Structures are given as structure tokens and as C-alpha cells.
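[1] Just need the structure, nothing else, for what follows:
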Amino acid sequence: MTFMISGAGEIVLSILIAIVALMVMILVHESGHYLLGKALKFKINEFSIGFGPKLFSRKSPKTGELFSIRAIPLGGFCAFEGEDAESSVEGAFNSQKPWKRIVVLLAGVTFNFVSAVLILTILFATYGYTLPKVVGLNDPQGEVVQYFREGDVIYEVNGESVYSVIDTNISALLSSSGDTAEIVVIRDGEKQTITVYKGDFESTRIADDGTETKETYHGFGINIGYDYYRMGFFEALGRSFVFIWQLVILTFKTIGGLFTGAVGLKGSVGGTVTSVAAMGKITMTLGFRGVLLMFGIMSASVALMNALPFPALDGCRVIFVLIEMIFRRPVNRKVEGIIHTVGIVILFAFAILCDILNLGTIASLF
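    Numbering: from 1, shown residues only. Have a look, this model is predicted:
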């Protein structure tokens, strides 16, 4: 019974950490809008974390700005005067110069991106970056020399860096290299370049029932696992940019797959609940390393999501400002407001649908 309680407590704690992480990243995002808005003399009516009914609110007696926390932790907003309607109040959003509006709109994405880079840099420099590791050597058949050593961490294959989000299939990289490959490995804490050759090796395969079978194959004679490689600051900084770029590629591949039918909603795309559950699982599995990874991924994801040109998101609002700059007149404010309202309803409905379709996935995570 004690184990069951502690296990349940661990699940609850991990989910709470994931929710806090999401709220913090939303706070970072909205703070970007707020701080740049204040700096450029925009009038701000409300700064809110979450949507729906207010759980807590406080109005500044000096500025009249309302600060609130709302019940649904699916996002947040920094409500500017005259953002979706005409207003003659001084500092109204739509009365400001277009370049100022674009700066304020992109501030949230920028704050999230910078925070993601900082968090991931700290993660890779302290806990390490995930790279493939040689965890076993197969028996050579005939005149074959084994150039790998057990424990080698594979850093580069034929001049191509090995990454850990996508394009991470080290077996594919090695098999496509021909009979010879130049490999940069981390051995005894130092990078070394070795030339390896394919040969015939014998491996042992264990079936589900425990039966062992021997088979001979042509390759490099290694079994691959994964390990963490701690990087210097500048190397970690560079990898953080690559990591975020890979998330961007993965996101757009998923979005493209939804339109082509290559990717289904079930099991591939999750709403807020699915995302929080997945991040909670990462925390349970990896501890504080997982917390840092979760914060980094969430911050990058919030930045990417808001940069998309979809109604109600910052990317779409920037497009409306650019249209105004090009044609010297704004789109009808009421029409723009309706478009953004419909957009946010669609986003909420889509997130709820994805979570419903992935109830089984959510349950399997714990």
C-alpha cells in the first residue's frame, strides 16, 4: 500500500511540475509582450495567466492595469487597449506605428526562444547531450579488426554531426557510409577520429521466450545504446540552437503529415493534457535533468506555436500589421477581431479533440 501511495504521489508531483513549467513559459511569453509594450508606451488593460474564470486578480492603483490568474492553464494574454477594436484612448494598440506593434507582437516569441536557448545550454553543459554509445561488441568472423571500443560515444560520422531529436538513426548513418567510415568518438573523455571497416560479425538475438539464436551479418560489429555527453559552454550553446531547429523541423513535418494523411491525430498529436502528461513522464524518468529538458522543450514549443500564422496567434497578428503596412490601410478591425475569435475557438476545440483521442496514450504514460 505504501508503494502505491508513493507511486501515485510521484505521478501527481510530476504532473504538477509539468503544469508549473507550462505556466512559467506562458508567463515568460506574456512578459515579453508586457515589457516591450510598457517600454513603447502602449496602454495595457490586463495581464493574465490562463483563461476562463478569474482565480485571483489585482488592479494597479497607479496604472489601472489588471493582473490576474485564471482557471484554465491553456495559455495567457496581455490585453492591450484597442487591440481588436478602434480606440481613441492614448496609447491604444492600433494607433501605434506598425513597426512598434510588430516588435511588441514578436516579443513573446523572442522571450521564449531566448529562455529555451539558455535552459538547453545549461542542460547540455551540466547534465549532457544525448548521443549514441557503443554498449557491446559483436564477435568478428574471420580476419576482421574491431576498431570500436565498448564505451565509445559516437559524435560524428563521415563529417556529419550526430543529433538526438531527429535524424538520429545512427545505424542508418553507419550503414550508408559504405565499407569504410571516419568516426569521431569520445573515448576516455577525449575526442578521437578513427577509421572503421565493415566486416562479418556474429550477434546473439534473444527472443521474447528467452531463446537465443546466433546470426552472422555484415557491418561494424557494435551494439548501440545512448549516453550523455557534457559539453563546454559554447558547444552547448550551439547544440541548443540545433536542438530547437530540429523541433521546428519535426513540428512542420507533423503538421504537413496531418494535411497529407501521413500522420493521424491519434498517437501522434496531443493537446494540452497529453503534453502535460508526457512532460510529467519525462520528469518521473529523468529527475531534474527531465525538468530542465521539459522547460527547454516547452519554451521552444510555446515560441514556435505562437509564431505560426494561425488566427489568434502572434504570427497571424503580425501578418495583419504587414497587410496594413503594404496597403496603407488596416483590415476592418471588427473583421480581424472575428477572425481571431474563431481562431482561438478552433485551437481550443482541436486541443480538446486531440486529448480525447489520446486518452489511451495518456493512461499508458503512467
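[2] Let's verify the spatially closest residue to Val196 that is not a sequence neighbour: helix, strand, or coil?
    Nearest residue to Val196 in three dimensions, chain neighbours excluded: Tyr147, at 4.5 Å (Cβ to Cβ, 6 or more residues apart in numbering). Glycine gets a C-beta too; all of them are placed from N, C-alpha and C. Three-state call for Tyr147 (DSSP: H, G, I helix; E, B strand; the rest coil): coil.
[3] how much space between Tyr147 and Arg187?
    11 Å (Cβ to Cβ, to the nearest Å).
[4] What of His218?
    25 Å.
[5] neighbour count winner among those two?
    Arg187 (15 against 12; other Cβ atoms under 10 Å).
[6] how close does the closest residue to the more buried one other than its chain neighbours get to Tyr229?
    The shortest distance from Arg187 to any non-neighbouring residue, by Cβ to Cβ, 6+ apart, is to Asp152 (5.4 Å). Asp152 sits 11 Å away from Tyr229, going by Cβ to Cβ.
[7] So for those two, which residues contact both of them?
    Shared contacts of Asp152 and Tyr229 (Cβ atoms under 8 Å, 6 or more residues apart in numbering): Ile186.
[8] Give the rounded mean pLDDT of the lengthiest helix in the chain.
    As assigned by DSSP state H, the longest helix anywhere in the chain is helix 2-39. The pLDDT scores in helix 2-39 average 77.
[9] Who are the packing partners of the very next helix or strand once past that helix?
    Downstream of helix 2-39, the first helix or strand assigned by DSSP states H and E is strand 44-59. Using 3 or more Cβ pairs under 8 Å, 6 or more residues apart in numbering; DSSP states H and E, the elements in contact with strand 44-59 are helix 2-39, strand 66-80.
[10] could you check the angle strand 44-59 makes with the longest one?
    Same thing as helix 2-39. Using axes from the mean of the first three to the mean of the last three Cα atoms, to 10 degrees, the inter-axis angle of helix 2-39 relative to strand 44-59 is 130 degrees.
[11] For stretch 187-206, which outside residues touch it?
    138-142, 144-145, 147-149, 151-153, 155, 178-186, 212-221, 223.
[12] Of these, just the buried ones, ChimeraX syntax please.
    Command for ChimeraX, covering only those of the contacts of stretch 187-206 found buried under the criterion 16 or more other Cβ atoms under 10 Å:
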select :138,144,147,148,152,153,155,181,183,184,185,186,220,221
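[13] So which of the contacts of stretch 187-206 are in strands?
    139-140, 153, 155, 180-186, 212-219, 223 (DSSP state E).
[14] related to what we said a few turns ago, give the contact list for the residue nearest to Val196.
    Applying Cβ under 8 Å, 6+ apart, the residues near Tyr147 are 194-197.
[15] do Glu143 as well
    Glu143 neighbours (Cβ under 8 Å, 6+ apart): none.
[16] same question, the one 10 residues further on
    Residues counted as contacts of Val153 (Cβ under 8 Å, 6+ apart) are 131-134, 185-187, 227, 229.
[17] Specify the beta-bridge partners of it.
    Counting by DSSP bridges, Val153 forms beta bridges with Lys133, Ile186.
[18] And it, how far from Ile170?
    Counting by Cβ to Cβ - Val153 and Ile170 are separated by 11 Å.
[19] any shared contact partners between these two?
    Listed as contacting both Val153 and Ile170 by Cβ under 8 Å, 6+ apart are Pro132.
[20] domains in this structure, as residue ranges please.
    Listed by automatic domain parsing, the domain ranges of the chain are 13-126+275-364, 129-229.
[21] For Leu258, find the nearest of these.
    When the domains of the chain are compared by Cβ to Cβ, domain 13-126+275-364 sits nearest Leu258, at 10.2 Å.
[22] Off-centre distance for that closest one?
    Put simply, domain 13-126+275-364 sits 15 Å off its chain's centre (Cα atoms, centre = their mean, to the nearest Å).
[23] Same check on stretch 201-220?
    With Cα atoms, centre = their mean, you get 37 Å for stretch 201-220.
[24] what stretches of this structure score poorly on pLDDT?
    By pLDDT under 70, the weakly predicted segments of the chain are 1-11, 74, 164-169, 210, 262-271, 358-366.
[25] three-state assignment of Phe320?
    Recorded secondary structure, Phe320: helix (three-state DSSP).
[26] and it, what does it touch?
    For Phe320, the contact set (Cβ under 8 Å, 6+ apart) comprises 330-331, 336.
[27] Mind putting the residues you listed into TSV with neighbour count?
    Formatted as TSV, the contacts of Phe320 follow (neighbours: other Cβ atoms under 10 Å):
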residue	neighbour count
Pro330	16
Val331	15
Glu336	21
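[28] Narrow those residues to those in helices?
    Reading helices off these with DSSP H, I get Glu336.
[29] Which one of the contacts of Phe320 is nearest to Val24?
    Glu336 (30.2 Å).
[30] Confirm for me that the closest one is in contact with Glu86.
    No. Between Glu336 and Glu86 there is no contact under Cβ atoms under 8 Å: 11.0 Å.
[31] helix or strand for the most centrally placed residue in the chain, which one?
    Residue closest to the mean C-alpha point of the chain, counted by Cα atoms, centre = their mean, is Ile297 at 3.1 Å. Here Ile297 sits within helix 288-307, counting by DSSP H and E.
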